[in-house]
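In: quick check, what structure comes out for this input:
(chains A, B, C and D)
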Protein chains: 4
Amino acid sequence: MTLLNEQAAGVYVIAVTPFTDEGALDLQSTDRMVDFYLEKGATGLTVLGMMGEATKLTAAESSTFVKRVLARVAGRVPVVVGVSASGFAPMRELSESVMGEGAAGVMVAPPGHLRTDDQIYGYYEMVAETLGKTPFVLQDFPLVTNVQISAAVILRIIKTLPTCVMLKHEDWPGLSKISTLRQASETGEGRRISILVGNGGMFLPEEMGRGADGAMTGFAYPEMMVDVTKAYAAGNIERAHDLFDAYLPLARYEQQPGLGLTIRKYTLAKRGAIASGALRKPGAKLSGADIADIERLVARQTRRLQAVS
Amino acid sequence: MTLLNEQAAGVYVIAVTPFTDEGALDLQSTDRMVDFYLEKGATGLTVLGMMGEATKLTAAESSTFVKRVLARVAGRVPVVVGVSASGFAPMRELSESVMGEGAAGVMVAPPGHLRTDDQIYGYYEMVAETLGKTPFVLQDFPLVTNVQISAAVILRIIKTLPTCVMLKHEDWPGLSKISTLRQASETGEGRRISILVGNGGMFLPEEMGRGADGAMTGFAYPEMMVDVTKAYAAGNIERAHDLFDAYLPLARYEQQPGLGLTIRKYTLAKRGAIASGALRKPGAKLSGADIADIERLVARQTRRLQAVS
Amino acid sequence: MTLLNEQAAGVYVIAVTPFTDEGALDLQSTDRMVDFYLEKGATGLTVLGMMGEATKLTAAESSTFVKRVLARVAGRVPVVVGVSASGFAPMRELSESVMGEGAAGVMVAPPGHLRTDDQIYGYYEMVAETLGKTPFVLQDFPLVTNVQISAAVILRIIKTLPTCVMLKHEDWPGLSKISTLRQASETGEGRRISILVGNGGMFLPEEMGRGADGAMTGFAYPEMMVDVTKAYAAGNIERAHDLFDAYLPLARYEQQPGLGLTIRKYTLAKRGAIASGALRKPGAKLSGADIADIERLVARQTRRLQAVS
Amino acid sequence: MTLLNEQAAGVYVIAVTPFTDEGALDLQSTDRMVDFYLEKGATGLTVLGMMGEATKLTAAESSTFVKRVLARVAGRVPVVVGVSASGFAPMRELSESVMGEGAAGVMVAPPGHLRTDDQIYGYYEMVAETLGKTPFVLQDFPLVTNVQISAAVILRIIKTLPTCVMLKHEDWPGLSKISTLRQASETGEGRRISILVGNGGMFLPEEMGRGADGAMTGFAYPEMMVDVTKAYAAGNIERAHDLFDAYLPLARYEQQPGLGLTIRKYTLAKRGAIASGALRKPGAKLSGADIADIERLVARQTRRLQAVS
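Out: Next up, the predicted model:
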């Protein structure tokens, strides 16, 4: 399998983990979901991320799920696996296992107790040592991790840890961070790594304008990210915004902390990508009013997209 | 002066505090800003809120600013004053002072160390005792305060503290909280208080659908909140969404934590509401790329609004 | 195996996990450590706790270690196993595994994002459902978990979740919490469960005075907890304090957050309980000055104990 | 008045703010308290600190209290005033006011939202600019502020901000931080500033061993800090520990977060230093059991001190 590298670009969809209504892993839906994401134009997949309910799986289930995804993808696109763990021994074990099965790289978010620059850098130094030759994605998501990583720390990591090949960028606000990192690579101050953005794509056109290479996020309409990044890459900036704006009301609704994944899985189920929108416990439930909101937003989105195209 | 009560509705704009480029209070801009907000349809004003840089003012400056606002408003709309303080003696002092000058009520956010239900309730019990007969707004904004207030705690406050007349709602996600509070008042379980929503209006149409009475937030285009709430009140739901969608791309951009107030003040200055977009230190600065983003979004918004109307 | 119940009392030592200098599980030291704890008077053991570096073990290592401890204990005292996990599926898996091997019960700390009373209660309701008939210890340690559990919430858990049989109490300050829980059981308001105290035993005599049944903590001189609780139980309060005071300077030194476990393992190695004081990464290291401090404190403690006895 | 400088040493007692039982400022007790602290050997005083209930005072009360303390001290020892504030304008106002009245310097703790090294350094750069020529104490107390300041950041502050003359050290664990700072000044890497330690003196002898110049804390028996630092300075290390150990059981009890200040004020009232142990709301209350604990610990401490001397 080709390994993930600094040239990665496009849309890596953060995959959900499909469950049955009873909470069992749904492997048939896993196949269907992989097909769905690839049909919509995904250039990569990321599994066992925060929005993949990874922490709710046993080690055996994680392994089963990753194997199934890799088998279905069959090398068509690279697959990144989230291996964030509370300790380095379980991180190494999971990483070695998934890389052996054909993953392209792994992703690591910082544990929430890290505060000072040296603590954060020191942590990723141990991550790189733990992972060996495996390329990794640095996940920078302060809203959830509660860890604030300055651009200076990221540059230090880029400089000394060659296996860090990608930044999953979801700092907020983070536009200036992308600018800083791109200026550093342009002036030769630091290696240019791939930057894919998260946050449900809520700032995608502006982030592309600052030098992002694409998105790594899980909005239930991945074609939004695909079409916006393509339009942007083709220089059609206003077109990119027109498309983005059409999806924004729903993307915003899906981005609600706490309820977001439930909304996303509901929508994916509605679209036929998975059989059930169920989350494993603990997971929020949608009320009738929530569903009515979604239905209205989807209907409006459909009309708006017709007007745009 | 009429006091704030449970029937308050419409749009209470969270006012900024205008400074000169050198950082002095800008009282002429204060007048202009008040006029601007009222022209755009504000049914109330809220000053010295989190987005009013209240903590950067000396006590004397706060007093000067509030007096100026009250003088300019001249009783045309009610003015709410943020009096969140680290202790009850300064809170009482500020509250008595502004109520004496003609404010309609005050607003109190919880201090960040509160955790358990009893701690939060006990805090507001002391707030009510401190404020005496002054009506107050409970500000529920976990993203910033780090305090999570359950609907049950709010209902307990409503039940036992009659001077709590309004909820400034910016929990996130918070739609179900509005539903719960409205169900409680409909079934007679609790007094119906005013609910005005915040978060830059990012969920305004859906919040109106759940029973909100309007908005209390500070997006630089207050006419968005005014028009959306009016359309909603008139039963034109799709029209409310059309208007909302036109403003959403900019509202989203302004809602970036850390940078949001700088964007808002830049836009207000651009619109002529204040002379300078300067923040007192510490305050973020806009880059050329940030300004280009805003300009593009404003231009697109203008075109879109023409299409909508 | 006898299951843990509400009558548990005495000293449950929080066991460390012994590693070799190279970071491998040290099973021979595991045997020696078990013998050491029992020789010092432990009435129970707790493994895979926060101070047991549980998160640094792979699932297979955890299983190996627990089996080895259980085999060496051979039913002489009950063994509690920490099963705190980021999800319920891995919690169930680990719990079923260790109970099948002969553990007496399990211990669960709350995940750090819990805030409101209902969130905390709801979490333990799901814990109880996940664990089935397995008795569990509620670990209340806000300094580390960042979750504040009020006495009211604990009473609610006690009332409705019969498999909660013990509180590992390390709230701080927490004396009044013990008093509240004991008053509730004395007035029939709630079931009387076992309360064992933590925090390195730093408040042990006062906690015994409020109704604690003993200690569950890991100070490198477990005989302190054993002797203090025995003296207290025999009514020799001043004697209990005399013993406590002799150990307090070292107990305080070991209680330093961040460095504490390194000090504890150093001392245990020095006492011959384990072969190496090594922690798995990430783990703090002792400087020469740290070691000189410990040596001085141990020497002074020895002299002081001679004077007391 | 002589300004605070890098040579400051000894014991700066963190003064409480005395209130009557009704919650009014008690100025007569303020005089008595000043006398008490100086009689016990204080070489400086610090007022309006975290344990001085500063946030519960109005601006006018703060001013009245500081003036009263300065008048009573009458230049016998330097007085440091806490001026931590949510904004720089109020910080400047308070600092200029108290320096004009004869304070020797001010103390500033970081606001809780600071995370990265640059954020913390940038904050103190603005503090220094705000304070002008006024010397300031950097308060490093992560347990309460939630801000972790690395030794590298402190060294950067020392290097570029000459008005930073003292570190109030209450990091925890923090012994290695003192060692690092002292090594830096010995090797000429950085200016040697005064380091006074806090945390109720709980690690005082060890901290003196690492190079602290004394203590700045508020234990109700300031003679402990005075006698321990004197014995240490005279080279009587074991004697310093003997004295320390005699006070440790009570010092530990007073160090309970949440309840500590109530215990301290109770003890100060009992010793006649202030008329009432009352705290302004919100403040914890002592139960009968708490008072019995304190009385026992004081009695034991008295006996123990007789044995030591």
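
In: every contact and neighbour count from this point should use C-alpha atoms.
Out: Noted.

In: which bits of chain A sit near chain C?
Out: Residues of chain A lying close to chain C by C-alpha under 8 Å from any C-alpha of the partner chain are A:55-59, A:86-90, A:93, A:281.

In: possible to save these as a markdown table with distance to chain B?
Out: Putting the residues of chain A next to chain C into a markdown table (distance: C-alpha to the nearest C-alpha, whole Å) gives the following:
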| residue | distance to chain B |
| --- | --- |
| A:Thr55 | 22 |
| A:Lys56 | 22 |
| A:Leu57 | 25 |
| A:Thr58 | 29 |
| A:Ala59 | 31 |
| A:Ser86 | 24 |
| A:Gly87 | 27 |
| A:Phe88 | 30 |
| A:Ala89 | 33 |
| A:Pro90 | 31 |
| A:Glu93 | 36 |
| A:Lys281 | 18 |
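
In: output the below-cut-off pLDDT ranges for the stretch 51-200 of chain A.
Out: For the stretch 51-200 of chain A, no stretch has pLDDT under 70.

In: residue contacts, the closest residue to A:Lys133 other than its chain neighbours?
Out: Once flanking residues are discounted, A:Lys133 sits nearest to A:Thr163: 6.7 Å by C-alpha to C-alpha, 6 or more residues apart in numbering or on different chains. By C-alpha atoms under 8 Å, 6 or more residues apart in numbering or on different chains, the residues touching A:Thr163 are A:128, A:133-136.

In: which of those residues are buried, as a ChimeraX select command?
Out: Typed into ChimeraX, the next command selects the buried ones out of the contacts of A:Thr163 (criterion: 16 or more other C-alpha atoms under 10 Å in any protein chain shown):
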select /A:128,134,135,136
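
In: which one of the contacts of A:Thr163 is nearest D:Gly174?
Out: Nearest to D:Gly174, judged by C-alpha to C-alpha, of the contacts of A:Thr163 is A:Ala128 at 28.4 Å.

In: the closest one: what's it in contact with?
Out: A:136, A:161, A:163-164.

In: that older thread, distance to A:Ile291 and secondary structure added to the contacts of A:Thr163, as CSV?
Out: Output for those, formatted as CSV (distance: C-alpha to C-alpha, whole Å; DSSP: H, G, I helix; E, B strand; the rest coil):
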residue, distance to A:Ile291, secondary structure
A:Ala128, 43, helix
A:Lys133, 46, coil
A:Thr134, 42, coil
A:Pro135, 40, coil
A:Phe136, 37, strand
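
In: contact residues of chain A facing chain D?
Out: Residues of chain A lying near chain D (C-alpha under 8 Å from any C-alpha): A:115-117, A:147-150.

In: which residue is it, in the stretch 201-309 of chain A, that comes closest to chain C?
Out: Ranked by C-alpha to the nearest C-alpha, the top residue of the stretch 201-309 of chain A for proximity to chain C is A:Lys281, at 7.5 Å.

In: for that residue, phi and psi?
Out: For A:Lys281, the backbone dihedrals (degrees, to the nearest 10) come out as phi -70, psi 150.

In: check A:Ala212 too.
Out: Here A:Ala212 shows phi and psi, under degrees, to the nearest 10, equal to phi -70, psi 150.

In: bridging residues for the nearest residue in space to it that is not next to it in sequence?
Out: In space, and not counting its chain neighbours, A:Ala212 is closest to A:Ile195: 5.1 Å by C-alpha to C-alpha, 6+ apart. Counting by DSSP bridges, A:Ile195 forms beta bridges with A:Leu167.

In: isn't A:Ile195 up against A:Met208?
Out: No. With contacts defined as C-alpha atoms under 8 Å, A:Ile195 does not count as touching A:Met208, sitting 9.7 Å away.

In: these two: which has the busier surroundings?
Out: A:Ile195 (29 against 23; other C-alpha atoms under 10 Å in any protein chain shown).

In: for the more buried one, what are its contacts?
Out: Counting by C-alpha under 8 Å, 6+ apart, A:Ile195 has contacts A:9, A:166-169, A:178, A:211-214.
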